[in-house]
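Participant: got a sequence here, can you build the structure:
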Amino acid sequence: MASKLLTIDDLAEQLGVKPKTIYAARSDGRHDQFPPAIKVGSFLRWRQQDVDGWLEAQLPQTNVLPMRKRIAG
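Facilitator: All right, here's what the predicted structure looks like:
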């Protein structure tokens, strides 16, 4: 069974950003900053499984974060 397609409002809510942030990134050619969209007529839609996969890919490959260098002062 096909999953429900998300609207830009749905996606923005899940990511904690405003819809205009997503629109601005897409219009500036920064498509990789958000999950891939599907055009349905003139509307943008997102599949939940694509959003989930994109979010998973954003996680660091390790759970160990690098230490910041101390600046001598």
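
Participant: neighbours of the nearest residue to A25 once chain neighbours are set aside, how many?
Facilitator: Nearest residue to A25 in three dimensions, chain neighbours excluded: Q33, at 4.7 Å (CB to CB, 6 or more residues apart in numbering). (Each C-beta comes from the backbone N, C-alpha and C, glycine too.) Residues within reach of Q33, counting by other CB atoms under 10 Å, total 13.

Participant: now Q33: how far from Q58?
Facilitator: 10 Å (CB to CB, to the nearest Å).

Participant: what's the distance between R47 and S3?
Facilitator: When R47 is compared with S3 (using CB to CB), they lie 6 Å apart.

Participant: of these two, give the one with the bigger neighbour count.
Facilitator: Just comparing R47 and S3: by other CB under 10 Å the higher neighbour count belongs to R47, 17 against 10.

Participant: which residues touch that one?
Facilitator: 3, 5-6, 38 (CB atoms under 8 Å, 6 or more residues apart in numbering).

Participant: just the C-alphas of the longest helix anywhere in the chain, formatted as PDB.
Facilitator: The residue-count maximum for a helix in the chain (DSSP state H) belongs to helix 48-58. In PDB, the C-alpha atoms belonging to helix 48-58 read as follows (Å, rounded to 0.1, in the frame of the first residue of the first chain):
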ATOM      1  CA  GLN A  48       7.400   9.600   4.300                       C
ATOM      2  CA  GLN A  49       9.900   6.900   3.600                       C
ATOM      3  CA  ASP A  50      12.100   9.300   1.600                       C
ATOM      4  CA  VAL A  51      12.000  11.800   4.400                       C
ATOM      5  CA  ASP A  52      12.900   9.100   6.900                       C
ATOM      6  CA  GLY A  53      15.800   7.900   4.700                       C
ATOM      7  CA  TRP A  54      17.100  11.500   4.200                       C
ATOM      8  CA  LEU A  55      17.000  12.100   8.000                       C
ATOM      9  CA  GLU A  56      18.900   8.900   8.600                       C
ATOM     10  CA  ALA A  57      21.500  10.000   6.100                       C
ATOM     11  CA  GLN A  58      22.000  13.300   8.000                       C
END
